[in-house]
Structures are given as structure tokens and as C-alpha cells.
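Asks: Predicted model and sequence below, questions to follow.
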Amino acid sequence: MASAWLGTLVTVVASAGHSFSGAGTPFCGTQIDGITTPGSILATYLDLSCNLPGAILATDFASYGSVPSGQCGAFSPPNCDATNTSVVVKALCDGVTTCRIWPNSTTFGDPCFGVKKVLEVQAHCSSGDGVATPGCAAGACPHPPPPPTPPPAPVTATVTVDWGTTTGTVATTPTLQVVAHSLLMRESTIHDLLFQRLTELNASYVRYVPWLPTPLLGVAELEPPSGTALCAGESVTEGAVATLSCGSTGGVIEEIEFASFGFHTGTCGAYSALPGYTDLAKTVVKLQCLGQESCQVAASNELLSSPSKSALPGAARRLVIQARCSNKTKQHTYWNFSLIDDMMLDYWTAVDGQSRPQIPNFSTPPTWLYDSTSWGYNTDCTPSNGCKMGGYEKGTAPASAHGGLPALGDYYGRLLSWYKNGGFVDEYGERWESSHRLNITIWEVYNEVDYEHGHTPDSYTQDFDAIVQGIRTHADPNNTIAFAGMSLPNIDDTNTVVEWATYFLNESNHAPGARDALQYIGYHAYPTNVHISTPNDLTQFFEYVDSFVDEKIPAVQAVIDKLSPATKTFLDECGTTGPLFGGLTDPVYWVASGSYWAYLWARVAVSPRGSAVPVVGQSQFMDSPDREPGVTMMNWETGEGTTKYWVTRLVIESIKVGDAFHPSNSSSSALFAAGFTGAQGFRRVLLINKRNVNTTVLVAGATSAAIVDEASNEKPARRVPLSGQILLGPYATAVVDISSGRE
């Protein structure tokens, strides 16, 4: 879910243009995404041209998203692909001799936020040769990286800690975020080990985010209320199943008013068929459903016969049904917690949410609150298929469809009441019971909001206020829940975060009923504007941290101090996404990624602003190759922890909120050191090697250490006895026990 792909991509690497001779012969070209960086835009483009007198008559294939499969002349669309790519490219290029395409989210939108995107185009000319040439705007493209250099020579560093002086006490909790993922489903073969490892962290302030790529795991009401019309199938494409149910109070299905397997227009209560549908659908649905309290109908050619493909070529054929129940007064809603509950409750149990504060964030609202005509979603969700879908998010903020802002607030109020108060009363006055009584004390509103539904500070504030008021109406009448807002992505530079904070923290911009809900704001930290082409370059992770802590945090804190001094900051999504070298099989990346987060946490915790930042969260517990593999803390094949997990666990177990920290110094800039004293009197030094080099560290009184490095790999920290010094491998993180001299 992170926008962290910027963290490893600055140098433009475009494929060479492909040219072919002869009219009608395809030619193809590739160009990477043009990405916004602080202060500028990395403006990449792809030029298509035909030798005169040829004209580009047709673009045969175009995708903007992940890399398509196949090759020139035989491409297949990728899983992530902007729905408007072909339309945009054809509008720019068809019928002309030359054209230029700018691959970025302004041109195509963002089909899969956080994924490294490429533009792939295949075209042909009416005559002559065609060529595709990638390039970038003058001055916008950085220079190619220098050739790889050998690792630097080993370093020796001396660490000193003034144990007699206390600088402050730790107020920043080391923690993590858990994003809803199909591998966390109970049917997953690695489910049990994953949740065992999550439990063993004993973490507080764990952020849980069901996110827009998997709406079935995070949206509890995927269809809007439909009155007395009972509908199914808005998202039932070929191979899926449509379900109708009158419920316990609706009687039985008495009438099938509409059924179409093919193409339709309208929404529930006002469907009509388009050319290219089969009349057989209504007959089959009647046979299977009339007289039943509930029924299921498969959207299959074998059952319903194949509809004509002449209408809307390429469109997804859907089975759509509209029925009436025998209880004519029964009004229908579509609340469904069957998949959502399992993962939410497993998370809550693993993090002991009843005893420790946690941060749930159901960040994806129902799309029908933003788009009155289209809110399709996938209907199949298993660990094997990933539960993913692209394009669920439609419409522009603030919520304005199907009841708009009040309905948005009511949705979140009922959702929270389901978990906090044992159930809720739906839109038509029917009680839904859950038995859940979760001790939820914090609620975060949305995720990376300026890249979802086109939010502006104003529209987000409207949505935020509606959600706060809805939660207080339905779930929290005594106003006991604290709220977290903004949660901006790392792509946003300091000026953008400051602009948002300046608007959002001005209470005059909020509704009166939400002005006291500004307890927390958030923004994310992934290394940006860096180039990682060799293991040596991973040191830039730590340079990013220094800039983030020394520049971004103080700038935002100045706004907080001026407008809302009681507000604190959640840095609850902080991670890296992967290198351009060696793929994700290179263990040095995982070691450096873990130490990056440990360094960010430590820099914040021992800074003068640490008390204003109660959370630094590692991103993220589970991910996989079909999404953002470089962020994962867990091995998607075995369920065991990567070094990122073991670094997080080491820090959580070794240093606690309330521990004292002391003036500490390292003689080498390659090594970070911070000394801590616990309530029981122990002395510990956190060491982080910021270079791709072996470093010998001299620490007076060092008796033992726990080390996470390439040698420990996907195992717990290595424990080693010491006698005043320790050898740290590249990018290693270690906690060293120090003799107090009183033994």
C-alpha cells in the first residue's frame, strides 16, 4: 500500500525502441513511469513515429501499470493496468505520423498505487517503418549511476556513552503495520505461523489496514441499500456466483423482475438490458430461486448459454438479478462480515487489543458512496487468488452519492459498532448482532488520502468530520475514541505535508462536532529520491532518515505547535520496497531494510521531538510478489520472519517506553549508537551499521549482544558473548548488554 516504489527508482532505464519494416508490422516501445519527486517531476515520455508518408493508423496494445506478459506482437494485459490506457493512447496517436505519450498518473490515473509502473505500447504504420523511442524532458532525467565500486575497507569504531547523564526517556513505541492480505486468511497454509509470530511481538499501536486492492477483506457493505428490490450480481462476472437472500424476515423469493447474463445498464431497482444478453437467464434464475429463502446461481455459459459478443466487445459479461420477496415490506441491505471478521479478530487477538492500544484503520470506504453508477468488485477471495482487484476505487471526494457524507458517517459508525458494541441497527431499522466487544480506543481515518478519490485537504476534512460524527452517533456516544487523520504518503514532500497539516489542524475548517477529534495526524516514511543499484547504495536509506528526522518532522511539528499543540504524530507506515540489484533474493537488502526502520525509530526516539511522535511502525507484516514484496516482514512461502521481522522484534523486546536514554557517541559516521537504561537498571546500547562493510565496534563493558544480520537470516537474533568489542556485518543491527560495574 505504500508509495515506496519511489525509494529505489530515480535513474531512467528505458528499453530501446523497437522498429520493424513493412506496413502493418507491429513495433513496440516501453517507458517507465514519470514520477513526482520533491521540487520537480521526472518527466519521461515515449515517442511513436512512422516514416513518411506512413501514418500511425492503430495502436494495437497499450498498458500502463505492471509489466505485461508476452512479447511484441503478442502481449497480454498485466494484472495492474489503467482502464483508460488504450483510449488515451489511441486519442494521442492514431491517424498521425508522430506522437508523444507521457506515462504518469496525470495521464492515466494510478491503477495500482505503490507499484512500479511502465507504459507498454504496440502500434503499426500504414506504410514504412515504425519506431518507438523513449526519452525524458531536458533537465529532468538524472545521470546514469556510476559503475559499481568494491565494498569499502573494514571500519573500526569506538562507542562511548555517558551513563551518568540522562538526556530523556523513551516515548516512541516501536511497532508495525498489518495490511489485510489473502495469506492472512484462515485457509492459508501459513496462517497459523504468521499469527503466532505476530503474537510473539507483544506490540502496541499495531496499525491494521484493510486496503483498496482487496475490498472483500475490508468493505462490509459492498452494495448500497436497495429498498424492497432484492438484487445480486452487480459484480458477478463469468465463473462467479450470484447470491440472493430474503433473510430470516423476508419470506421467500416470490418474483424475478429482471435477470440478464451479458450487458446491462442502470442500478438495483432500475436495471435494463443492453443488446448482447441472453433471455435464458431469467428462466434459469426462476427455476433455481422462486420459493426459496435464498439461492445461488452460477454465471456460466453452460448454465445460461453464451450471450452474443457483438455488443460492447471486450466488456465483462455479468449476471445481474433483481427479485422481490414474499414479505413485500422487507427492505434490503447488503452487510457482510463473513471474510472481514476472521482477519480482524485474528489480528485483534494476536496483538491483545483488549489490553493494549492498537490502531485499526478500515481505509477503504464503499465506492458507491463516491460513484452513483459503478461500484464493481471481485466476488472471489482465496489465499490462492490473492483476493485482488484493480479499479475498485471510483468517484471523487467528498462522498456525495447514495446519501453522501451522512451515509459515509453512518457506514463507519455501524462498522465500528459491530466490533465495539456487539452490533448495530441498519439503514432500515433492522438489528444486526455480532457479540463482539472490542476495546477500540483509537480509530484512524483513511490511508494516503491525497491519492485516493482525489482528496484535497478540504474534501478529506469533510469526510473525516462525517466519519467522526457517525462513529460518535452509532458507536461512541461518550467520545472515548481518539482519532488519527491525514496519513499522507511518502511521495508528498515536506511542503505538501505542511500544507495539509495547516488546513487540517485549523479547527475552524472542521464541523463543530469534530473539532475535538484532532488527537493524531500521520504521514509515512519510505526512502525517496535515492538510487539503489548496488549493495553499497543501501546506505542512502540512512541518509533519507537523517533528512526526514532533521527537516520534515520539525517542519510539520511547527504547524502542530502553532495550531493544535496537543496533537501528536503517528509515523505508522515506514519501510522500503526493494533494490534494483539482485532482486529480493539478496539477503543484504532485507538486513538493510530492517536496520533502516530501527534507525528511523531510534533517531526519533532520542530526538527532542520524540515525545510528540508516539509511534514508528515498520511496514509491513505481510506482502507477496503479486503486490509489494519488498515491504514484507514475513516470508510469503514459509510464513517465517525475514530479518525485517527479527530486527523489529529485537527492538521491541530490548527497549521499552519509559527507558532512559543517555548521551552517546560513535567515532565513525558509519555506525549509529544509542545507550539506554531500563527500569530494572540494565544498560544496553543499540548499534546500527549504516554501511556495506564489516565494522569492529569497541564498547566499554560490553558483555553480550543480540545481532540481526545476514548470518542470522530468517532466524532470531544471534546471541554472542563479548569482551568489550563486537564485529558487525554490513547493515547489521545489534543490542549490546553492558556491565553496570556493580556485579
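Replies: Arrived safely, thanks for sending.
Asks: Would you mark the buried spots in stretch 160-170?
Replies: Across stretch 160-170, burial judged by 16 or more other Cβ atoms under 10 Å covers 160-161, 163, 169-170. Yep, even glycine has a C-beta here, placed from its N, CA and C like the rest.
Asks: possible to save those as TSV with secondary structure, distance to residue 254 and pLDDT?
Replies: Output for those, formatted as TSV (DSSP: H, G, I helix; E, B strand; the rest coil; distance: Cβ to Cβ, whole Å; pLDDT from 0 to 100):
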residue	secondary structure	distance to residue 254	pLDDT
160	strand	83	97
161	strand	78	97
163	coil	80	96
169	strand	68	97
170	coil	65	97
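Asks: Can you pull the phi and psi angles for residue 258?
Replies: phi -150, psi 140 (degrees, to the nearest 10).
Asks: before we move on, what about residue 559?
Replies: The phi/psi pair for residue 559 (degrees, to the nearest 10) is phi -70, psi -40.
Asks: so who does it touch?
Replies: 498, 501-502, 505 (Cβ atoms under 8 Å, 6 or more residues apart in numbering).
Asks: Residue 555 versus the closest residue to it other than its chain neighbours, what's the distance?
Replies: Sequence neighbours aside, residue 501 is the residue nearest to residue 559 in space, at 4.4 Å (criterion: Cβ to Cβ, 6 or more residues apart in numbering). Distance of residue 501 to residue 555, computed by Cβ to Cβ, to the nearest Å: 9 Å.
Asks: Between these two, which has more neighbouring residues?
Replies: Between residue 501 and residue 555, counted using other Cβ atoms under 10 Å, the more crowded position is residue 501 (27 against 14).
Asks: The more buried one sits in which helix or strand?
Replies: Using DSSP states H and E, residue 501 sits within helix 494-504.
Asks: Show me what the helix or strand just after that helix is packed against.
Replies: For helix 494-504, the following helix or strand on the C-terminal side (DSSP H and E) is strand 520-523. Strand 520-523 sits against strand 442-444, strand 482-488, helix 494-504, helix 553-563, strand 568-574, with contacts defined as 3 or more Cβ pairs under 8 Å, 6 or more residues apart in numbering; DSSP states H and E.
Asks: Just say which of the ones you listed is most tucked in.
Replies: Highest mean neighbour count among those (mean count of other Cβ atoms under 10 Å): strand 568-574, with a mean of 27.
Asks: what residues does that one touch?
Replies: 1-2, 175, 177, 205, 207, 359, 444, 447, 484, 487, 519-526, 553, 556-557, 560, 597, 600, 604, 612-620.
Asks: Show the average pLDDT along the helix or strand following that strand.
Replies: On the C-terminal side of strand 568-574, the nearest following helix or strand under DSSP H and E is helix 587-605. Average pLDDT, helix 587-605: 96.
Asks: ok, now stretch 700-710?
Replies: 96.
Asks: Excluding chain neighbours, what is closest to residue 737?
Replies: residue 704 (4.8 Å).
Asks: Next, count neighbours for that neighbour.
Replies: 15.
Asks: Tally up the residues packed near residue 249, please.
Replies: 10.
Asks: Kindly apply the preceding question to residue 290 instead.
Replies: For residue 290, the count of nearby residues is 14 (other Cβ under 10 Å).
Asks: okay but residue 616 is in contact with residue 601, surely?
Replies: Yes - using Cβ atoms under 8 Å, residue 616 is in contact with residue 601, at 4.3 Å.
Asks: overlap in contacts of the two?
Replies: What both residue 616 and residue 601 touch, as defined by Cβ under 8 Å, 6+ apart, is the set 172, 174.
Asks: First residue to last residue on stretch 452-462, what's the distance there?
Replies: Start-to-end span of stretch 452-462 (Cα to Cα, to the nearest Å) is 14 Å.
Asks: do you know how far residue 64 is from residue 124?
Replies: 20 Å.
Asks: wait, residue 249
Replies: 61 Å.
Asks: Quick check: the gap between residue 281 and residue 287.
Replies: 11 Å.
Asks: Do a quick rundown of the strands in the stretch 251-400 of the chain.
Replies: 253-262, 264-265, 272-273, 294-298, 318-325, 359-360 (DSSP state E, counting those that start in this stretch).
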